[in-house]
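Student: With the sequence up front, the predicted model follows.
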There are 2 protein chains.
Amino acid sequence: MTLSLPLGSTIGIIGGGQLGRMLSVAASRLGFQCHIFEPGAEPPAGQVAQRVTTAAYDDESALRAFGNAVDLITYEFENIPTAALDLLQDLAPIHPGREALRVSQDRLTEKTFLQQLGLKTAPFADITDAASLEMALAEIGTPSILKTRRFGYDGKGQARITAPEDAAQALADMQGAPSILEGFVDFSHEVSVIAARGLDGAVAAFDPGENVHSDGILRTTTVPARLSASQRTDAVLIAAQVANALNYVGVLGVELFVTPGGLIVNEIAPRVHNSGHWTQNGCAVDQFEQHIRAITGWPLGDGQRHADVVMENLIGDDMERVPDLAKTPDCALHLYGKAETKPGRKMGHVNHVKRA
Amino acid sequence: MTLSLPLGSTIGIIGGGQLGRMLSVAASRLGFQCHIFEPGAEPPAGQVAQRVTTAAYDDESALRAFGNAVDLITYEFENIPTAALDLLQDLAPIHPGREALRVSQDRLTEKTFLQQLGLKTAPFADITDAASLEMALAEIGTPSILKTRRFGYDGKGQARITAPEDAAQALADMQGAPSILEGFVDFSHEVSVIAARGLDGAVAAFDPGENVHSDGILRTTTVPARLSASQRTDAVLIAAQVANALNYVGVLGVELFVTPGGLIVNEIAPRVHNSGHWTQNGCAVDQFEQHIRAITGWPLGDGQRHADVVMENLIGDDMERVPDLAKTPDCALHLYGKAETKPGRKMGHVNHVKRA
């Protein structure tokens, strides 16, 4: 057996935030070098990468130079402009592929895709105007939530509708963007599965983590999650089904609502995922290395867990807790090297590690 | 409580090998940036550092620019030319300090220092010529080993003397370098303690690891080591005593022989140590982060271990085993990104991780 991409090869990473940063560190552990492409100055990933290109996503000559300088391309976020991908795909392989991006970039496409796989989702409807919203509310009811189809993350681009009279304001909040109305799901808790699919089609998943959000932002992930054995199996099978259906290569995150009637898919993310950060201190191969393994043709880690972990995000002023966390036993800190602390900004995370 | 060195500060690391590389990654996890100073081209540490200076250790202007660009200086190896340190120490704090380097750079000084602390060492004698070697052999006997006082590592600069008639050849092998004769110690196994001492004098140690060498190079470290509870306590106390006596700041490695008569100190290393690589997958705070914490004034990690680990070095052709190791459960690979595989060259290591 040989490894597909030679050691010392350069992996191009689109996006220079914390996910790109941790991907770069993981790639280095396997002997690869990384080249970050990021429009913003001084990206966190650049501090631990071999090379950084600072240029806009529509800078064709910079994209071309980047594509020619790397052996393989991946990314840390799903909203990469299509034109940039069109240009890059002729210069180096891109993993995960276009289909995963196409599906996950649009909430309506994603929900439709999931339903076609026979998976359960929240009830949803395509919203184009006040009339379609009125019809959808009549069917789905309230409370429900109006979301832009594209470019939403961490609770952005969302408006809650608690009663029909909120409809007009919610629609105005979308600022004319194509939207989707989603019904509320009565769930006891949310879990996520971080799964990986290799170039050879092999699939591996980490233990599901249990997620707590606040203000639309992930706060903690706890492993093991509260799941029965059959729920755990279902969760992993759903993630594998999604990965296979997308002919996916890389790590993906699948968020699931736990309900008395079974697991309901909330959303999928075609990338390493905040709810998988616990793997850095709980597994021999973490989600970042797993992603690099998948896209470079290495064998996947088996996802086995040697410790229990509670991952806690450090958001905005949470950074003031760092001195205390540094003194707390079992705390593994992962700070992102961001120059400025802002409210709602993910500045780092801490893994509380316990013997399993 | 505040942290001494502000987040975002730059740590200068002298030496760009694998230890500098892993220090750089650990520093980034705490929000620091790293600047590597290394004479060799394309140093492994440079792939994961913010900045690299490629210059000789006697390039005064390069040293000056480096010293002015960083907030704090540390190093990955103990044989830094004195003149370079003389220049740098006026530009930024250097940790660990000069005393630790002075003691550990010279085997005779080191052994004398250890004896003055009341610690046991192998019998030894200062060798300056054939006459002093003959006298020393009469006292220490054979088998014994002649070593250069300075610049020895991984078994280099050593000649074994199995009978008095080997003396002349052994002395010739030293090529005129000041040397030390060491008697053999009848030990059952070797262990090492990775300890840290902070700016405030606090000391913490990881569990001792059990080391196996071959051809003078470390092959494996196993944790937990075969030690009784009192031996484990003795080992940690010896390391703490050494650190305190040197007024040490940072991580140091202390190698110990286990004998029926107690623990005998083999040598000390004023830096992160190969036998501490297991901590990367067994502890919330590994030895690299512990070193960064110590020199930046952070609180030390408590050294607690959440998993059992066997660390195995990948030396030279061991790299051919990487594809198989990548498929083996519980294997955490750490490759160093070195361009060329050479016999005897440390190319990476693998931590075999088990639930404790």
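Tutor: The structure has been received and is ready for your questions.
Student: show me the contacts for residue A:265.
Tutor: A:114, A:119-121, A:238, A:242, A:254-257 (CB atoms under 8 Å, 6 or more residues apart in numbering or on different chains). In this view, the C-beta of every residue, glycine as well, is placed from N, C-alpha and C.
Student: Max pairwise distance over these: which two?
Tutor: A:242 and A:257 (15.1 Å; CB to CB).
Student: Neighbour count: these two, which is higher?
Tutor: Under the criterion of other CB atoms under 10 Å in any protein chain shown, the comparison of residue A:242 against residue A:257 puts residue A:242 first, with 26 against 19.
Student: how close does the more buried one sit to residue B:300?
Tutor: 44 Å (CB to CB, to the nearest Å).
Student: Show me which residues of the stretch 201-350 of chain A sit near chain B.
Tutor: Neighbours of chain B within the stretch 201-350 of chain A, by CB under 8 Å from any CB of the partner chain: A:281, A:284-285, A:293, A:298-299, A:301-302, A:304, A:306-307, A:319, A:322-324, A:326-327, A:329-337, A:339, A:348.
Student: returning to that earlier point: among the contacts of residue A:265, name the ones in helices.
Tutor: A:114, A:238, A:242 (DSSP state H).
Student: And stretch A:217-233, end to end?
Tutor: 27 Å (CA to CA, to the nearest Å).
Student: Any chance you could spot the residue sitting in the middle of chain A?
Tutor: Geometric centre of chain A, nearest residue: residue A:273, 3.6 Å, by CA atoms, centre = their mean.
Student: got the contact list for the closest residue to residue A:160 other than its chain neighbours?
Tutor: Take residue A:160 and drop its neighbours on the chain: the residue closest to it by CB to CB, 6 or more residues apart in numbering or on different chains is residue A:145, 5.3 Å away. Contacts for residue A:145 (CB under 8 Å, 6+ apart) come out as A:158-161, A:181-182, A:184.
Student: How about residue A:145: which residues does it bridge to?
Tutor: residue A:160, residue A:182 (DSSP bridges).
Student: Listing request: residues of chain A with sub-threshold pLDDT.
Tutor: Applying pLDDT under 70 to chain A flags residues A:1-3, A:152-155.
Student: Okay, helices next: where are they in it?
Tutor: A:18-29, A:60-69, A:82-88, A:98-104, A:107-116, A:130-140, A:167-173, A:229-245, A:279-282, A:287-296, A:322-327.
Student: Throw those helices into TSV and include distance to residue A:216, thanks.
Tutor: Output for the helices of chain A, formatted as TSV (distance: least, CB to CB, whole Å):
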stretch	distance to residue A:216
helix A:18-29	18
helix A:60-69	32
helix A:82-88	26
helix A:98-104	18
helix A:107-116	14
helix A:130-140	20
helix A:167-173	14
helix A:229-245	22
helix A:279-282	23
helix A:287-296	22
helix A:322-327	24
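Student: which residue packs closest to the residue nearest to the centre of chain A, ignoring adjacent ones?
Tutor: residue A:253 (2.9 Å).
Student: is that neighbour in a bridge, and if so with what?
Tutor: Beta-bridge partners, per DSSP bridges, of residue A:253: residue A:194, residue A:269.
Student: Confirm for me that it is in contact with residue A:268.
Tutor: Yes: contact status for residue A:253 versus residue A:268: in contact at 6.9 Å, counting by CB atoms under 8 Å.
Student: So between those two, which is more surrounded?
Tutor: residue A:268 (27 against 21).
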